[in-house]
Every structure is written in structure tokens, then in C-alpha cells.
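Peer 1: Predicted model and sequence follow; I will ask about them next.
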Amino acid sequence: MTRNTDVVVVGGGATGAGVARDLALRGVDVTLVERGGLASGTSGRSHGLLHSGARYAESDEVGARECIEENRVLKDIAGACVRDTGGLFVQLPDDDPEYFKAKRTACEDVGIPVETLSSEAAREAAPGLSEEVVRAMEVPDAVVYPSRLVAANAADAREHGATILTDAPVEDLRVEEGGVTAVDVGGAVDDEIRAERVVNAAGAWAGELAAMAGVDVEMRPTQGVMVSVRHEGLGPVLNRTRDPADGDIVVPHDGEVVLGTTSVEVEDPTDYERSEEDVDRMREACAEMLPPVADADHVRTWWGVRPLYAPDEDTREGARGISRGFFVLDHADDGVENLTSVVGGKLTTYRQMAEATADRVCETLGVEADCRTAEERLPGADDAETLDSLVEEFGGAGPTDEDVVRR
């Protein structure tokens with residue numbers, strides 16, 4: 001049997017689900033296919049930090065502005081997908097005080113609310129914080145639960161007519177006369193899907209999918225490890241006030257904290273080394289900010305892979321402190337008229353990535369409808385139980401937030 005639709009979106013992470021939602025709200029007939037459960041790739045294996053933009057303020061003004069804009073949008077539309085904890089950038093004795101000043105000034109220039117706290121005020125805001133802390137900056141960072149966020153986007157897409165297919169790996173893209181004529185899907189679907197447009201939202205695997213159509217999308221994935229340990233009552237997200245490095249983020253959950261992360265380039269986003277030495281090194285680094293985590297009880301460890309776009313990385317010379325942008329790539333010049341890839345970016349800006357992609361797709365389809373995803377609340381946003389039932393339905397439980405979603 002053949003399925004017919006206007007647009008096939010390949011990839012059921014935050015960006016793919018966001019594209020499906022955006023297109024469906026504009027009246028486009030869309031089908032999303034994901035090889036596993038939703039959020040089973042990068043989105044569900046992150047550290048779960050909803051950036052305020054402060055991390056990038058002094059190195060990438062555009063990226064920082066994107067983050068603070070989307071931070072505010074998600075706090076407005078996503079309800080229990082987000083926990084508004086606030087965040088601290090803490091300065092330790094070995095950290096450059098000029099870097100602290102530059103970051104604070106950059107936050108003010110970008111429009112990120114920021115307040116300097118004394119060491120005493122910082123420790124009051126974050127119980128367990130190191131006695132060595134010199135001072136801190138308070139910024140509107142938050143925690144995001146990606147399993148809920150992705151499931152809610154998919155549910156809203158479905159409510160507006162989209163078809164969401166999980167356990168549906170793409171086995172081939174058939175290209176004839178300059179376009180993708182069919183998407184061959186295996187797994188529980190075992191069917192072909194014909195569409196006017198195909199969106200490649202496969203994240204770190206975008207290069208593999210594009211290659212099925214004879215197109216080169218050069219990705220440069222990096223893996224990072226996250227560790228969850230027992231710790232009560234932290235309060236805000238913690239960031240180290242220095243150039244981004246291993247072990248400089250601590251994300252609070254109820255009764256746990258998530259320690260992150262490393263950045264190691266890998267050739268294969270599926271098959272790569274998972275080093276316990278990285279785990280130990282990262283825990284030691286995070287303990288410089290929050291000493292109790294050094295010997296706190298271990299809960300779980302997981303690795304995720306960042307979907308970095310190689311040409312963008314080349315211009316940044318691998319600088320980890322620089323925010324990564326996103327790119328919407330049309331492949332007409334590659335001989336495939338109806339294929340669009342969206343690559344790069346970060347979880348915080350998924351909705352903006354989806355909007356830019358949907359704008360491009362709608363332009364090619366002749367659809368004149370504005371984006372509504374920043375104004376309309378996600379379904380179930382005010383009811384955690386509803387959100388968690390959607391996660392279960394879509395097979396989307398991931399390690400980032402499994403202590404919250406499965407509780």
C-alpha cells in the first residue's frame with residue numbers, strides 16, 4: 001500500500017516534531033516518521049538545560065538573542081515541559097574576573113536579565129555551593145523535560161491532522177527526475193510514502209539520510225556524557241563562568257542533579273566509545289562548583305550526540321565556547337528539488353528552527369499561512385499526567401528526564 005501526503009518529515013526529535021506541528025497548524029498534510037520512539041536520538045539524551053543565552057552572550061550575540069527569545073516563548077507555551085529554576089553563573093578563584101565582567105556586559109547588551117550576587121547570596125540561592133565561590137550572576141536559565149516537549153509537539157501536530165509514525169525507519173529515498181518520488185519506510189509501517197516535499201530532520205544522522213538521495217550533508221557529531229546523582233534542594237541551574245569546558249553545567253531535578261558534559265568528536269553517531277574516564281573527570285569538575293556531587297550516589301549515566309554541521313564548525317575552528325547556529329538547506333542545486341534538510345542548532349531553539357523550515361516548505365508549496373507555534377500553548381501543558389501519557393504513547397521516554405516523567 002502507498003501512503004500519500006504533502007510533506008514527509010524524517011526525524012522525531014524536537015525539531016522534527018516541531019516542523020510537523022508548525023506545518024499542521026498551517027493546514028499542510030504532514031506525516032512524521034521516526035525510526036524508534038519519539039525523542040530517542042539527541043533530544044532525549046541531552047542535559048535538559050533551557051538556555052537563557054548567557055552561555056553564549058559574549059561570543060555569539062545572534063545565538064544568545066535566539067536563546068533568550070525562545071526561552072521566553074517556551075516558558076509561555078510549554079507548561080510542565082519546563083521547570084523555571086533560574087540559573088547561576090558562578091566564579092571560582094581560578095576563573096578570570098575579566099571574563100565574568102565581559103559576560104555580564106554582553107548579557108546586558110543582548111537583553112538577558114542579569115544580576116550579580118555576592119558569594120553569600122549565591123550560596124543561599126544554591127545550597128551546597130562551594131565555599132570557594134567568589135560571586136555569581138543570576139540569569140533566567142531553566143530546565144526542560146525533552147520527552148514531554150517532543151510528545152506535546154507531536155500530539156498537537158496530530159490534533160491538526162498530521163500522521164505520527166514511530167518504529168518507522170527510513171530504508172530508502174527513491175529519486176527520479178530530480179526529486180524524491182517515494183520514501184520507503186520499514187519497521188511497523190513497512191510501506192512507501194509519496195509526498196511533494198521531504199524534510200530531513202534526522203539530526204546527527206542527517207548526513208546518512210541525505211546520502212540515500214545522493215546528496216552530501218556533511219555532519220560533524222560530537223558525543224557528550226551526562227551523569228545523574230542524588231542531591232536534594234539545589235534550586236538553580238549552575239554554570240561555570242569560564243570558557244565552556246568539560247563538567248561546567250549542573251542541572252537540578254527533584255532529588256537529583258544532572259552533571260554535564262563532555263565534547264568528543266565521533267565518526268559514527270550511533271557507534272562510538274563511551275569512556276568511564278570522561279565520567280570521572282566530569283564529576284570531579286562539577287564538584288568544584290557543587291562539592292557534594294563528588295561522592296553522591298550514582299543514579300544513571302547516558303551519552304548524547306550533538307548534530308553539528310561541519311561547514312559551520314570549520315568556520316568556528318572547533319571553538320566550544322561559540323554558540324552553534326542552525327541551517328535550512330535546500331537541495332535543488334544538488335539535483336533533488338523537493339528535499340530540505342535542517343541541521344545544527346540546539347534544543348532551546350528547536351521551535352525557531354522548525355518555523356524557519358516550515359516557512360521554506362510552505363513557500364515551495366504555495367501555502368500562505370503564518371506561523372502560530374509561538375502563541376498557541378502545547379496540548380496538556382498544564383497537566384503533567386497528560387504529558388506523561390503522551391510520552392508513553394509515542395514511546396518517547398528518555399534518560400534526560402526519566403526520573404520526572406516515569407515517577
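Peer 2: Arrived safely.
Peer 1: domains of the protein?
Peer 2: 2-43+147-219+323-405, 86-142+222-306 (automatic domain parsing).
Peer 1: Return the most buried member of the ones you listed.
Peer 2: Of all those, domain 2-43+147-219+323-405 has the most neighbours on average by mean count of other CB atoms under 10 Å, namely a mean of 22. (C-beta placed from N, C-alpha, C; glycine too.)
Peer 1: Pull the worst-scoring helix or strand of the chain on mean pLDDT out as PDB, backbone CA atoms only.
Peer 2: One helix or strand of the chain scores below all others by mean pLDDT, DSSP states H and E: helix 310-316, with a mean of 80. Taking C-alpha atoms only, helix 310-316 is exported to PDB below (Å, rounded to 0.1, in the frame of the first residue of the first chain):
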ATOM      1  CA  ALA A 310      30.600  20.500   9.500                       C
ATOM      2  CA  PRO A 311      30.900  23.700   7.400                       C
ATOM      3  CA  ASP A 312      29.700  25.800  10.400                       C
ATOM      4  CA  GLU A 313      32.200  24.000  12.700                       C
ATOM      5  CA  ASP A 314      35.000  24.800  10.200                       C
ATOM      6  CA  THR A 315      34.400  28.500  10.400                       C
ATOM      7  CA  ARG A 316      34.500  28.300  14.200                       C
END
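Peer 1: on contacts alone, who are the packing partners of that helix?
Peer 2: Helix 310-316 is packed against no helix or strand, with contacts defined by 3 or more CB pairs under 8 Å, 6 or more residues apart in numbering; DSSP states H and E.
Peer 1: What's the first helix or strand after it?
Peer 2: Using DSSP states H and E, the helix or strand that follows helix 310-316 in sequence is strand 326-330.
Peer 1: chain center to whatever helix or strand comes next after that following strand: distance?
Peer 2: Under the assignment DSSP H and E, the closest C-terminal helix or strand after strand 326-330 is strand 339-344. Relative to the centre of its chain, strand 339-344 is centred 15 Å away, using CA atoms, centre = their mean, to the nearest Å.
Peer 1: what comes into contact with strand 339-344?
Peer 2: 15, 19, 173, 179-180, 197-201, 203, 206, 209-210, 213, 215, 217, 219, 307-309, 312, 324-331, 353-354, 356-357, 360-361 (CB atoms under 8 Å, 6 or more residues apart in numbering).
Peer 1: Pull up the pairing partners for that strand, direction included.
Peer 2: If you go by DSSP bridges, strand 339-344 pairs up with strand 191-200 (parallel), strand 326-330 (antiparallel).
Peer 1: Tell me what angle whichever strand or helix holds Ala20 forms with strand 191-200.
Peer 2: Under the criterion of DSSP H and E, Ala20 resides in helix 14-25. Computed with axes from the mean of the first three to the mean of the last three CA atoms, to 10 degrees, the direction of helix 14-25 lies at 100 degrees from that of strand 191-200.
Peer 1: What is helix 14-25 packed up against?
Peer 2: When contacts are defined as 3+ CB pairs under 8 Å, 6+ apart, helix 14-25 sits against strand 2-10, strand 30-33, helix 146-159, helix 350-365.
Peer 1: before we move on, back to that, tell me how far the least confident helix or strand of the chain is from the chain's mean position?
Peer 2: So, by CA atoms, centre = their mean, the centroid of helix 310-316 is 19 Å from its chain's centroid.
Peer 1: Now render the helices and strands packed on helix 14-25 as CSV, adding mean pLDDT.
Peer 2: Formatted as CSV, the helices and strands packed on helix 14-25 follow (pLDDT from 0 to 100):
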stretch, mean pLDDT
strand 2-10, 97
strand 30-33, 98
helix 146-159, 98
helix 350-365, 98
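Peer 1: Looking at these, spot the one closest to Trp303.
Peer 2: For the helices and strands packed on helix 14-25, the distance to Trp303 is smallest for helix 146-159, at 15.0 Å, taking CB to CB.
Peer 1: Alpha carbons of that closest one, as CSV, please.
Peer 2: Written as CSV, here are the backbone C-alpha positions of helix 146-159 (Å, rounded to 0.1, in the frame of the first residue of the first chain):
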residue,chain,number,x,y,z
PRO,A,146,12.5,16.9,26.4
SER,A,147,10.4,13.8,26.5
ARG,A,148,7.3,15.8,27.4
LEU,A,149,8.2,18.6,25.0
VAL,A,150,8.6,16.4,21.9
ALA,A,151,5.5,14.4,22.8
ALA,A,152,3.4,17.5,23.2
ASN,A,153,4.5,18.9,19.8
ALA,A,154,3.7,15.6,18.1
ALA,A,155,0.3,15.5,19.8
ASP,A,156,-0.6,19.0,18.7
ALA,A,157,0.5,18.1,15.1
ARG,A,158,-1.8,15.1,15.2
GLU,A,159,-4.7,17.1,16.6
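Peer 1: after that helix, next one along is what?
Peer 2: strand 163-165.
Peer 1: And the contacts of that next one?
Peer 2: Contacts of strand 163-165 (CB under 8 Å, 6+ apart): 3, 5, 12, 20, 30-34, 38, 154, 157-158, 185, 188-189, 394.
Peer 1: center of the protein, which residue is that?
Peer 2: Centroid-nearest residue in the chain: Leu347, 2.0 Å away (criterion: CA atoms, centre = their mean).
Peer 1: Hmm, Ser46 and it touching each other?
Peer 2: Yes. With contact defined as CB atoms under 8 Å, Leu347 and Ser46 form a contacting pair (5.5 Å).
Peer 1: Now the common contact residues for those two.
Peer 2: With CB under 8 Å, 6+ apart, Leu347 and Ser46 have common neighbours Pro146.
Peer 1: Met212 is in contact with His331, correct?
Peer 2: No. Here His331 lies out of contact with Met212, judged by CB under 8 Å, at a distance of 12.0 Å.
Peer 1: Brilliant, that's me finished.
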